[in-house]
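give me a 3D structure for the following:
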Amino acid sequence: MKEKIYTIPINETFDKIAEDNSIGCPLCALYREVEINETETILGGAMMVPEIRQKTNVEGFCRTHYDMMFESGGKLALGLILESHLDTLKDDLKNSFSLMPAGSKQEKRISELQHSCYICSRVNATFEKMLENTVLLWQDEKEFREKFSKMPYFCLDHYKALIETAKRELPKKVFADFYEALSAIENGYLAKLGGDISWFCKKFDYRYENEPWYDSKDAIERSFKFLSGDLHKITKKPGQN
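Below you'll find the model as predicted:
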(Lines give C-alpha, C1' and ligand atoms only; values in the text may rest on other atoms or scores of the structure.)
Protein backbone atom coordinates (compact mmCIF):
# COMPACT_ATOMS: atom_id res chain seq x y z
CA MET A 1 0.00 0.00 0.00
CA LYS A 2 1.45 3.35 -1.07
CA GLU A 3 1.62 6.16 1.48
CA LYS A 4 1.21 9.73 0.27
CA ILE A 5 3.73 11.09 2.74
CA TYR A 6 6.39 9.17 0.78
CA THR A 7 5.01 9.30 -2.76
CA ILE A 8 5.03 13.12 -2.89
CA PRO A 9 8.82 13.52 -2.40
CA ILE A 10 9.47 10.51 -4.64
CA ASN A 11 7.49 12.04 -7.51
CA GLU A 12 9.07 15.46 -6.97
CA THR A 13 12.59 14.02 -7.03
CA PHE A 14 11.97 11.89 -10.12
CA ASP A 15 10.42 14.90 -11.89
CA LYS A 16 13.47 17.02 -11.08
CA ILE A 17 15.94 14.40 -12.30
CA ALA A 18 13.94 13.69 -15.46
CA GLU A 19 14.61 17.36 -16.33
CA ASP A 20 18.20 17.44 -15.06
CA ASN A 21 20.06 14.11 -15.30
CA SER A 22 23.19 15.63 -13.79
CA ILE A 23 21.63 15.21 -10.32
CA GLY A 24 22.36 11.50 -10.65
CA CYS A 25 20.80 8.59 -8.77
CA PRO A 26 17.27 9.57 -7.64
CA LEU A 27 17.44 7.38 -4.56
CA CYS A 28 20.69 9.01 -3.43
CA ALA A 29 18.93 12.36 -3.81
CA LEU A 30 15.98 11.12 -1.73
CA TYR A 31 18.32 9.73 0.92
CA ARG A 32 20.12 13.07 1.20
CA GLU A 33 16.81 14.89 1.61
CA VAL A 34 15.67 12.56 4.39
CA GLU A 35 19.07 12.77 6.09
CA ILE A 36 19.12 16.58 6.04
CA ASN A 37 15.56 16.71 7.41
CA GLU A 38 16.46 14.38 10.27
CA THR A 39 19.61 16.35 11.08
CA GLU A 40 17.69 19.63 11.19
CA THR A 41 14.92 18.06 13.28
CA ILE A 42 17.21 16.68 15.97
CA LEU A 43 18.95 20.06 16.32
CA GLY A 44 15.58 21.82 16.54
CA GLY A 45 12.68 21.24 18.88
CA ALA A 46 13.14 17.46 18.92
CA MET A 47 16.21 17.68 21.13
CA MET A 48 14.03 19.06 23.95
CA VAL A 49 11.60 16.12 23.84
CA PRO A 50 12.53 13.85 26.79
CA GLU A 51 11.75 10.60 24.95
CA ILE A 52 13.98 11.60 22.04
CA ARG A 53 16.79 12.80 24.30
CA GLN A 54 16.69 9.44 26.08
CA LYS A 55 17.13 7.68 22.74
CA THR A 56 20.04 9.89 21.63
CA ASN A 57 21.68 9.39 25.03
CA VAL A 58 21.61 5.62 24.45
CA GLU A 59 22.20 5.41 20.69
CA GLY A 60 24.55 8.32 20.09
CA PHE A 61 25.51 9.18 16.50
CA CYS A 62 27.95 7.97 13.86
CA ARG A 63 30.87 10.18 12.82
CA THR A 64 29.16 11.17 9.55
CA HIS A 65 26.15 12.57 11.40
CA TYR A 66 28.25 14.27 14.05
CA ASP A 67 29.99 16.05 11.18
CA MET A 68 26.69 16.97 9.53
CA MET A 69 25.28 18.37 12.77
CA PHE A 70 28.49 20.33 13.42
CA GLU A 71 28.45 21.78 9.91
CA SER A 72 24.79 22.77 10.17
CA GLY A 73 25.70 25.58 12.56
CA GLY A 74 23.50 24.48 15.49
CA LYS A 75 26.43 24.28 17.87
CA LEU A 76 24.54 25.09 21.08
CA ALA A 77 21.95 22.39 20.34
CA LEU A 78 24.73 19.94 19.51
CA GLY A 79 26.57 20.88 22.70
CA LEU A 80 23.47 20.20 24.81
CA ILE A 81 22.94 16.84 23.10
CA LEU A 82 26.57 15.90 23.74
CA GLU A 83 26.40 17.07 27.35
CA SER A 84 23.59 14.67 28.28
CA HIS A 85 24.97 11.87 26.08
CA LEU A 86 28.38 12.07 27.76
CA ASP A 87 26.76 12.14 31.21
CA THR A 88 24.87 8.96 30.36
CA LEU A 89 27.99 7.33 28.98
CA LYS A 90 29.98 8.28 32.09
CA ASP A 91 27.46 6.41 34.23
CA ASP A 92 27.42 3.41 31.87
CA LEU A 93 31.21 3.12 31.91
CA LYS A 94 31.74 3.92 35.57
CA ASN A 95 35.04 2.53 36.90
CA SER A 96 35.63 0.68 33.61
CA PHE A 97 38.72 2.41 32.28
CA SER A 98 41.04 1.02 34.94
CA LEU A 99 39.81 -2.55 34.52
CA MET A 100 37.40 -3.77 31.85
CA PRO A 101 37.36 -7.58 31.64
CA ALA A 102 36.33 -9.23 28.39
CA GLY A 103 32.58 -9.68 28.19
CA SER A 104 31.82 -7.02 30.77
CA LYS A 105 28.73 -4.86 30.46
CA GLN A 106 30.97 -1.84 29.87
CA GLU A 107 32.68 -3.56 26.93
CA LYS A 108 29.29 -4.53 25.56
CA ARG A 109 28.07 -0.94 25.92
CA ILE A 110 30.99 0.45 23.92
CA SER A 111 30.48 -2.20 21.23
CA GLU A 112 26.78 -1.28 20.97
CA LEU A 113 27.64 2.41 20.71
CA GLN A 114 30.10 1.76 17.88
CA HIS A 115 27.28 0.32 15.78
CA SER A 116 24.39 2.63 16.62
CA CYS A 117 23.31 6.09 15.46
CA TYR A 118 20.00 7.79 16.18
CA ILE A 119 19.93 9.57 12.80
CA CYS A 120 20.97 6.45 10.84
CA SER A 121 18.14 4.44 12.37
CA ARG A 122 15.59 7.18 11.59
CA VAL A 123 16.83 7.70 8.03
CA ASN A 124 17.00 3.98 7.25
CA ALA A 125 13.44 3.37 8.47
CA THR A 126 12.08 6.21 6.30
CA PHE A 127 14.21 5.25 3.31
CA GLU A 128 12.96 1.65 3.43
CA LYS A 129 9.43 3.02 3.02
CA MET A 130 10.58 5.14 0.09
CA LEU A 131 12.04 2.09 -1.63
CA GLU A 132 8.77 0.21 -1.19
CA ASN A 133 6.72 3.12 -2.48
CA THR A 134 9.00 3.63 -5.49
CA VAL A 135 8.42 0.03 -6.53
CA LEU A 136 4.65 0.26 -5.94
CA LEU A 137 4.39 3.53 -7.88
CA TRP A 138 6.10 1.81 -10.81
CA GLN A 139 3.59 -1.03 -10.58
CA ASP A 140 0.47 1.14 -10.33
CA GLU A 141 1.08 4.33 -12.28
CA LYS A 142 1.93 4.56 -15.98
CA GLU A 143 3.05 8.18 -15.57
CA PHE A 144 5.61 7.14 -12.96
CA ARG A 145 6.93 4.40 -15.23
CA GLU A 146 7.65 7.06 -17.82
CA LYS A 147 9.51 9.18 -15.26
CA PHE A 148 11.40 6.11 -14.09
CA SER A 149 12.58 5.37 -17.64
CA LYS A 150 14.14 8.86 -17.82
CA MET A 151 16.45 8.32 -14.85
CA PRO A 152 20.14 8.48 -15.79
CA TYR A 153 21.13 5.59 -13.51
CA PHE A 154 20.78 4.11 -10.03
CA CYS A 155 23.96 3.70 -7.98
CA LEU A 156 24.88 0.05 -7.46
CA ASP A 157 23.70 -0.03 -3.83
CA HIS A 158 20.27 1.32 -4.77
CA TYR A 159 20.07 -0.85 -7.89
CA LYS A 160 20.46 -3.87 -5.59
CA ALA A 161 18.04 -2.42 -3.01
CA LEU A 162 15.36 -1.85 -5.67
CA ILE A 163 15.70 -5.42 -6.93
CA GLU A 164 15.41 -6.86 -3.41
CA THR A 165 12.42 -4.64 -2.61
CA ALA A 166 10.67 -5.44 -5.88
CA LYS A 167 11.14 -9.18 -5.31
CA ARG A 168 9.41 -8.81 -1.97
CA GLU A 169 6.63 -6.42 -3.00
CA LEU A 170 5.66 -7.32 -6.57
CA PRO A 171 3.98 -10.32 -8.20
CA LYS A 172 6.45 -12.43 -10.22
CA LYS A 173 5.27 -11.22 -13.64
CA VAL A 174 5.36 -7.57 -12.60
CA PHE A 175 8.77 -8.09 -11.01
CA ALA A 176 10.12 -9.46 -14.29
CA ASP A 177 8.95 -6.35 -16.14
CA PHE A 178 10.34 -4.08 -13.43
CA TYR A 179 13.70 -5.85 -13.49
CA GLU A 180 13.89 -5.52 -17.27
CA ALA A 181 13.14 -1.77 -17.14
CA LEU A 182 15.58 -1.17 -14.29
CA SER A 183 18.37 -3.19 -15.86
CA ALA A 184 17.98 -1.41 -19.19
CA ILE A 185 18.73 1.88 -17.42
CA GLU A 186 21.66 0.38 -15.52
CA ASN A 187 23.27 -1.40 -18.44
CA GLY A 188 22.92 1.63 -20.68
CA TYR A 189 24.61 3.89 -18.15
CA LEU A 190 27.35 1.37 -17.40
CA ALA A 191 28.22 1.18 -21.11
CA LYS A 192 28.24 4.98 -21.38
CA LEU A 193 30.32 5.42 -18.22
CA GLY A 194 32.83 2.79 -19.32
CA GLY A 195 33.24 4.55 -22.65
CA ASP A 196 33.73 7.93 -20.96
CA ILE A 197 36.39 6.53 -18.60
CA SER A 198 38.23 4.92 -21.50
CA TRP A 199 38.23 8.20 -23.44
CA PHE A 200 39.37 10.06 -20.30
CA CYS A 201 42.39 7.77 -20.11
CA LYS A 202 43.14 8.14 -23.84
CA LYS A 203 43.23 11.91 -23.47
CA PHE A 204 46.50 11.51 -21.53
CA ASP A 205 48.05 9.92 -24.61
CA TYR A 206 49.75 12.55 -26.81
CA ARG A 207 48.05 11.05 -29.88
CA TYR A 208 44.68 12.23 -28.54
CA GLU A 209 45.68 15.58 -27.03
CA ASN A 210 43.98 17.56 -29.80
CA GLU A 211 40.78 15.53 -29.65
CA PRO A 212 37.76 16.88 -27.71
CA TRP A 213 37.00 15.59 -24.21
CA TYR A 214 33.34 14.87 -25.06
CA ASP A 215 31.63 13.79 -21.78
CA SER A 216 34.74 12.37 -20.16
CA LYS A 217 36.05 15.26 -18.04
CA ASP A 218 34.00 14.29 -14.97
CA ALA A 219 33.98 10.55 -15.66
CA ILE A 220 36.00 9.74 -12.53
CA GLU A 221 33.60 11.62 -10.24
CA ARG A 222 30.59 10.03 -11.92
CA SER A 223 32.17 6.59 -11.52
CA PHE A 224 32.53 7.16 -7.78
CA LYS A 225 28.85 8.10 -7.51
CA PHE A 226 27.74 5.10 -9.58
CA LEU A 227 29.89 2.58 -7.74
CA SER A 228 29.56 3.88 -4.16
CA GLY A 229 26.56 6.23 -4.11
CA ASP A 230 26.31 9.94 -3.35
CA LEU A 231 24.62 10.05 0.02
CA HIS A 232 25.99 12.47 2.57
CA LYS A 233 26.03 16.22 2.07
CA ILE A 234 29.20 17.20 3.98
CA THR A 235 31.48 19.87 2.58
CA LYS A 236 34.09 20.04 5.33
CA LYS A 237 35.10 18.41 8.59
CA PRO A 238 35.26 20.21 11.97
CA GLY A 239 38.48 22.19 12.25
CA GLN A 240 38.82 22.77 8.51
CA ASN A 241 38.75 26.35 7.23
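
and the lowest-mean-pLDDT helix or strand in the chain, what's buried?
For the chain, the helix or strand with the lowest mean confidence is helix 105-114, at a mean of 82 (criterion: mean pLDDT, DSSP states H and E). Of the residues in helix 105-114, those with enough neighbours to count as buried (16 or more other CB atoms under 10 Å) are 106, 113. All C-beta atoms are positioned from the backbone trio N, CA, C, and that covers glycine.

who's in contact with stretch 123-136?
The list of residues contacting stretch 123-136 from outside it, by CB atoms under 8 Å, 6 or more residues apart in numbering, reads 1-3, 6-7, 9-10, 27, 30-31, 34-35, 38, 161-162, 165-166, 169-170, 178.

give me the buried entries from these.
In terms of neighbour count (16+ other CB under 10 Å), the buried residues within the contacts of stretch 123-136 are 2, 6-7, 9-10, 27, 30-31, 34-35, 38, 161-162, 165-166, 169-170, 178.

of those residues, which belong to helices?
Applying DSSP state H to the buried ones among the contacts of stretch 123-136, the entries found in helices are 6-7, 9-10, 27, 30-31, 34-35, 38, 161-162, 165-166, 169, 178.

quick one: average pLDDT of stretch 10-23?
When pLDDT is averaged along stretch 10-23, the result is 97.

for the closest residue to residue 27 other than its chain neighbours, give its distance to residue 106.
Across the structure, with CB to CB, 6 or more residues apart in numbering as the measure, the residue nearest residue 27 apart from its sequence neighbours is residue 158 (3.9 Å). Residue 158 sits 38 Å away from residue 106, taking CB to CB, to the nearest Å as the criterion.

equivalent analysis for residue 147, please.
Distance of residue 147 to residue 106, given as CB to CB: 52 Å.

again, but for residue 152
Applying CB to CB, the value for residue 152 to residue 106 is 49 Å.

if we can go back for a sec, closest to residue 79 among the ones in helices among the buried ones among the contacts of stretch 123-136?
In terms of CB to CB, no member of those lies closer to residue 79 than residue 38, at 18.9 Å.

which residues are in contact with the closest one?
Residues counted as contacts of residue 38 (CB under 8 Å, 6+ apart) are 119, 122, 123, 126.

would you mind measuring from the residue of the chain most remote from its centre to residue 195?
With distances taken as CA atoms, centre = their mean, the residue sitting farthest from the centre of the chain turns out to be residue 207, at 41.0 Å. In this structure, residue 207 and residue 195 are separated by 18 Å, where distance is defined by CB to CB.

before we move on, back to that, need the contact partners of the helix or strand where the residue nearest to residue 27 lies.
Using DSSP states H and E, the element containing residue 158 is helix 156-169. Contact partners of helix 156-169, identified using CB under 8 Å, 6+ apart, comprise 25, 27-28, 131-132, 134-136, 139, 154, 175, 178-179, 182, 186, 226-229.
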